Structure formats: C-alpha cells, structure tokens
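> coordinates only, sequence not included:
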C-alpha cells in the first residue's frame, strides 16, 4: 500500500482542512505510460466521488483514495512533500518505476537520463526511457510530448545524446527506437 511521510501528511491535511467540509482527502491516480514511466495525478476528493473498487487508506483526519489499478501500480510507493530552494511539491517514490538495472553502465546512463534529461523533456510533457546499451551505443524510447514531436531528432542529438556522451566516456552514440507515428500529443507538430 502507499505510505506518506510526515511532511506529506501535514501538507495534505492542510489542503483538506482548507477545502469544503465534504472533502475527505485526496485521490491519487497512476497511469503507466512506458515500461517503467508513470504519470501521476492528485486531487481533492469527496466521499460521493468514490467508485466501486476504490481503496481508502485512512490517515489522521483524511484518507487517500486509490482506484484498483492505481493501488496495484503504487504498491509500496511513498509520497513525500519537499520544500527545496528551487520550489515545493510532492514527490512519489514508486518501486514499480525502478528499472532495476544490475549493470553499472546501465546505471550510469539511467542516472544521466534521470538527472539531466528528464527535467528538460518533462517540461514539455515528454519522457525518455533507457531501452538497452550495446557496445558504445545507447538505445532510448521517447514518449509523451516527445513521441511524434517534429523536434524529436534535435532533442535526441542536441540534448539527450550530448548529455549522455559528455557524462559517460564509454558511450559515443544514442539511438532513438521510438515509433513516432504512434505519438498522440506531440509537443511540436509539423
């Protein structure tokens, strides 16, 4: 089931207390959009908004409501609320989103994607997943706003490939294995 840190509990309780008296807590929705990439939504909810199959996780003064799919996708997840110099917000640590790479090279590539690439493409509603590494070549899949985007080639060469190759000496090439024709909401359309 889902766990909340003390800071997440305090912030959610604050939101619930500020809402109208019918508010019972928050609904969390998780949707798997890649092999290990998820999109999350959170919203205040009322008892009458509950549907069959919902799971209600009770906390002191509010509950977290999860539909059946979200409860399964977020099993063991932790919801935290962070206050950093760069801003505030919720962070979800979901074990299901960990690709579980054992190979140290895969781990290094994943770290560059997580730290350098995802914050940039995420601003446009996109995401990038490591598919595999073969020799000196990394293969990635793009999704969200990047899938079918007319600037995906530029994003790959001037952003993703540059970031990975600058950080990891063993890597010289990055190849996009995405089916861009299947993109439904590209950030830029031709």
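Perfect, thanks for sending it. Note that the coordinates shown come from a computational prediction; the quantities given were computed from them, not determined experimentally.
> and stretch 97-113, what's its mean pLDDT?
The predicted model assigns stretch 97-113 a mean pLDDT of 93.
> mind checking the end-to-end distance for that stretch?
14 Å (CA to CA, to the nearest Å).
> doesn't residue 95 make contact with residue 74?
No. Counting by CB atoms under 8 Å, no contact exists between residue 74 and residue 95, whose distance comes to 9.0 Å. C-beta: built from backbone N, CA, C; applies to glycine.
> Of the two, give the one with the bigger neighbour count.
Between residue 74 and residue 95, counting by other CB atoms under 10 Å, residue 74 is the more crowded of the two (26 against 11).
> What residues does that one make contact with?
For residue 74, the contacting residues are 2, 28, 30, 66, 92, 94, 96, taking CB atoms under 8 Å, 6 or more residues apart in numbering as the criterion.
> The second one in helix, strand or coil?
Read it as residue 28. Assigned state for residue 28: strand (three-state reduction, DSSP: H, G, I helix; E, B strand; the rest coil).
> Tell me the spacing between it and residue 69.
11 Å (CB to CB, to the nearest Å).
> possible to save the contacts of residue 74 as CSV with secondary structure, distance to residue 14 and neighbour count?
Formatted as CSV, the contacts of residue 74 follow (DSSP: H, G, I helix; E, B strand; the rest coil; distance: CB to CB, whole Å; neighbours: other CB atoms under 10 Å):
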residue, secondary structure, distance to residue 14, neighbour count
2, coil, 19, 20
28, strand, 17, 23
30, strand, 23, 23
66, strand, 21, 25
92, strand, 19, 17
94, coil, 23, 18
96, helix, 28, 14
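> Could you dump the residues you listed into JSON lines and include distance to residue 51?
Conversion of the contacts of residue 74 to JSON lines gives the following (distance: CB to CB, whole Å):
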{"residue": "2", "distance to residue 51": "18"}
{"residue": "28", "distance to residue 51": "14"}
{"residue": "30", "distance to residue 51": "16"}
{"residue": "66", "distance to residue 51": "11"}
{"residue": "92", "distance to residue 51": "22"}
{"residue": "94", "distance to residue 51": "22"}
{"residue": "96", "distance to residue 51": "22"}
